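> quick one: sequence and predicted model below, then my questions.
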Protein chains: 2
Amino acid sequence: MSVLSIEIKSEKCERYPTFHVDESYNITIEDVYGKIQANTIWGALHGLTTFSQLHFVTDGNQLVINAPITIEDEPRFPYRGILLDTSRNFLRTSVIKKHLDMMAYNKFNVLHWRIVGDQSWPLISKQYPTLTEKGAFSLDHVYTPGDVQDIIEYARLRGIRIIPELNAPGHIGALGRAFPDFLINCYNESTRQIIDPTKTEIYSFIEIILKEIKQTFENEFYIHLGMDEVYSACCTSNLNLEKFMNKNKMSKYTDLMRYYTSKILDIAQNIGAKSMVWQDVWNDDVKLPLEVVIEIWKDDSWSTYLSKAINEGYNVVLAAPFNLSMMSYRKYDKLDSVMNAEFSKWYNIDLFANFIGDETARKRLIGGEATLCGEFVDDFNSLSRFWPRALVVAEKLWSLPDVNNMYDVTGRFHIQRCRLHNLSMY
Amino acid sequence: MSVLSIEIKSEKCERYPTFHVDESYNITIEDVYGKIQANTIWGALHGLTTFSQLHFVTDGNQLVINAPITIEDEPRFPYRGILLDTSRNFLRTSVIKKHLDMMAYNKFNVLHWRIVGDQSWPLISKQYPTLTEKGAFSLDHVYTPGDVQDIIEYARLRGIRIIPELNAPGHIGALGRAFPDFLINCYNESTRQIIDPTKTEIYSFIEIILKEIKQTFENEFYIHLGMDEVYSACCTSNLNLEKFMNKNKMSKYTDLMRYYTSKILDIAQNIGAKSMVWQDVWNDDVKLPLEVVIEIWKDDSWSTYLSKAINEGYNVVLAAPFNLSMMSYRKYDKLDSVMNAEFSKWYNIDLFANFIGDETARKRLIGGEATLCGEFVDDFNSLSRFWPRALVVAEKLWSLPDVNNMYDVTGRFHIQRCRLHNLSMY
């Protein structure tokens, strides 16, 4: 092969990838001519990635492509994500960039970046520098505005969106190190602190922070607002909360959470952001507008939750079956022991196994996300815990459901793993 | 502090570290004067390592040492090792060097390098190039003589010996890809192949390979000869072996293993090498000369084995309690959940808990070795599986037995982990 032409049909060349953008591409190779055709630049990027993976090396050390080749390809799901958590352990920029390399090479297109949380607040705020001064692990463990733009640009060039997460009202303990009054204690069931939903200052604070985040990630529509693991028992355990609820005629926890949630969702809407949340707030019977994307992470009954949420009309991102935290140990002689990939758990699942509903509802499952417990991963092992294991998730989210043969995927996994090795992409 | 002097008392400056070399050092810092004193260059290296870890950084970004400081330090055990296996998965030279950096920074002094094995034969042989041509994963997955010298030199500069392992008669399947006739099948209990101990050509082959290894690692006295997991049932399952045993009046498996072992140990002695073996051959009642070092790896009863072996007069290296293969998962709120370090398993053990014997026997426990199942580690995760977890092993092998407080070690572990992060040593 000596000539490769690339055709992009779309007249407008979007600067940033967006949700539901056309990512399809075709490749044809005949004789010495190769052609990549795509409707958008993002499809063309995927085409180039696939093209780079078509050759093999002969014993005589020659690059060979097994032409003629015709490929028509497009993803099954528009949202194919990786969740990185830089709150529980800081991840340096170079490690995040290596993740982005790996993601692009395996056609992931969303980095869900849980930036701040209980353990640390590494994101520098213009209006509230105290947040990092007191909330970061140290002054070295921060992301400057320059760092963040650098990461966003690195992702953009690889066709990857970055959805920032500001998790609240729980999982935001580091805020308390800068502004102790913004948090209240839960004396029951959970010893964690949550944002004090009774204080009006809280909402102006969150508005300013969300505005800053929106300005930083200006070309991404979505912000993830968290809202997981806020326990109802907390409300009855704290006298101030109880007083506030009585005064405002709130009879139960759901009323309080509804109060908080509607204020936060309004703020997000007012600053021009679309919202994503963890499933918990929806599980707690807070009625969410249908444009809120729900992310399902609870391991046990994810297919029931999925069924319910998409039938109710929500767009859903599925994290539960793609949690890579569990490692297998010394399981020999089984397909799933190969490099701890545990295919049987993640690969051989029918995402709609328990689904009752129509085709339109099915389309509301917009994709999935590989996750890891941030407590146990840092610069040392974040890359090696995700990769090559997440390749299995990549295929699950890209390919059609009938690509599900365990023996076949083992072979593909090995070949792709070797490519990553050869490229020193880790 | 403005002046650091280094005094080495020994007149002779050994080019290579050896077993039982004096590794002690003293550090004194008073006012602006620092002094490192050691009997050997290897002790001085440890002194420099400790010295580099004495400073901390103030909020004003100044390097500060909390003088006056007086340190008198020496290791509890002379053998403090890491086992790397490059047979089950190939490890590139750069990864091995990073391990050596980590080892030196944590005062490990032996790299036990299991170079070849069942899955691959990556070590290029001068006399038998077929070994890598047919036994390596590919022609890229080999160690050239230059690679090996490079690694040995890199280790030497860090005070680290490299003990090469040629595991036989089991765990050497890759040999069969080059020389099928050298192996025989076991039809019972194990489907693995072992070296055919009945063939005289085998012993000349092993002599040549061991000679090459000795020439390559010319300044290291020890070669590890393997001898683990050769199952007795194999002998009764293979007619050729049975015939050979009958002809030579061998009534049981031990006789055959004794025959093989004595030939191999003789070869090793003749080429000027000292021998290390895995415990299995000794467990099988093959009487070994007392100068053979026995390495104990079997998890369950290691303290019984230890007791028995050192009472019989053998020098012992302990691997069993320092196997890092097991990972914990999502264990929150426990000391041992910190970065999967699992302190309770490895830290809080009294190595001589079940020992009955005298002080002289105790001294025959010469040290220990952190190990990992090579099946599950490769260039992707070899470093992150070992480090920082092996820090716990490092301390266990260096410090006195009364350094055993779980709370204290957690703090030290965190600080050392941060140093490794700051140095980007991974």
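Arrived safely, thanks for sending.
> mind checking how far residue A:164 is from residue B:305?
According to Cβ to Cβ, to the nearest Å, residue A:164 and residue B:305 sit 55 Å apart. Yep, even glycine has a C-beta here, placed from its N, CA and C like the rest.
> cool, and residue A:375?
Counting by Cβ to Cβ - residue A:375 and residue B:305 are separated by 36 Å.
> who has more neighbours, residue A:164 and residue B:305?
When residue A:164 and residue B:305 are compared for neighbours, residue A:164 comes out ahead with 23 against 20, by other Cβ atoms under 10 Å in any protein chain shown.
> pretty sure the more buried one contacts residue A:217?
Yes - using Cβ atoms under 8 Å, residue A:164 is in contact with residue A:217, at 5.3 Å.
> where do the contact lists of the two overlap?
residue A:223 (Cβ atoms under 8 Å, 6 or more residues apart in numbering or on different chains).
> so which residue is smack in the middle of chain A?
Closest to where the C-alpha atoms of chain A average out (Cα atoms, centre = their mean) is residue A:112, at 3.2 Å.
> for chain A, what helix or strand is lowest in average pLDDT?
Lowest mean confidence among the helices and strands of chain A (mean pLDDT, DSSP states H and E): helix A:343-346, at a mean of 63.
> the helix or strand that comes right after it - what's its average pLDDT?
Per DSSP states H and E, the first helix or strand lying C-terminal to helix A:343-346 is helix A:359-362. The average pLDDT for helix A:359-362 rounds to 94.
> all helices in the stretch 301-426 of chain A, in order from the N-terminus.
Ranges of helices within the stretch 301-426 of chain A are A:302-312, A:343-346, A:359-362, A:382-386, A:391-398, A:406-422, based on DSSP state H, counting those that start in this stretch.
> now those as JSON lines including distance to residue B:422?
Listed next are these as JSON lines, based on distance: least, Cβ to Cβ, whole Å:
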{"stretch": "helix A:302-312", "distance to residue B:422": "40"}
{"stretch": "helix A:343-346", "distance to residue B:422": "35"}
{"stretch": "helix A:359-362", "distance to residue B:422": "49"}
{"stretch": "helix A:382-386", "distance to residue B:422": "17"}
{"stretch": "helix A:391-398", "distance to residue B:422": "31"}
{"stretch": "helix A:406-422", "distance to residue B:422": "27"}
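> can you flag the weakest of the ones you listed by average pLDDT?
For these, mean pLDDT drops lowest on helix A:343-346, to a mean of 63.
> angle of the helix or strand containing residue A:94 against helix A:391-398?
Assessed by DSSP H and E, residue A:94 sits inside helix A:93-105. With axes from the mean of the first three to the mean of the last three Cα atoms, to 10 degrees defining the directions, helix A:93-105 sits at 50 degrees from helix A:391-398.
> how about helix A:93-105: buried residues?
A:95, A:96, A:98, A:99, A:100, A:101, A:102, A:103, A:104, A:105 (16 or more other Cβ atoms under 10 Å in any protein chain shown).
> now stretch A:134-147
So for stretch A:134-147, counting by 16+ other Cβ under 10 Å, buried means A:135, A:136, A:137, A:141, A:142, A:143, A:147.
> where in chain A is pLDDT low?
For chain A, applying pLDDT under 70 flags the ranges A:188-191, A:327-346, A:425-426.
> domains of it?
Taking automatic domain parsing as the domain assignment, the ranges for chain A are A:3-73, A:79-422.
> got TSV for these, with distance to chain B too?
Below are those laid out as TSV (distance: least, Cβ to the nearest Cβ, whole Å):
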stretch	distance to chain B
domain A:3-73	8
domain A:79-422	4
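> a markdown table for those domains, including distance to residue B:75?
Shown next, in a markdown table, are the domains of chain A (distance: least, Cβ to Cβ, whole Å):
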| stretch | distance to residue B:75 |
| --- | --- |
| domain A:3-73 | 47 |
| domain A:79-422 | 25 |
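> quick check, the residue nearest to the centre of chain A in a strand?
Yes - if the criterion is DSSP: H, G, I helix; E, B strand; the rest coil, then residue A:112 is within a strand.
> wouldn't it be in contact with residue A:165 here?
Yes - checked against Cβ under 8 Å, the pair residue A:112 and residue A:165 is within contact range at 6.4 Å.
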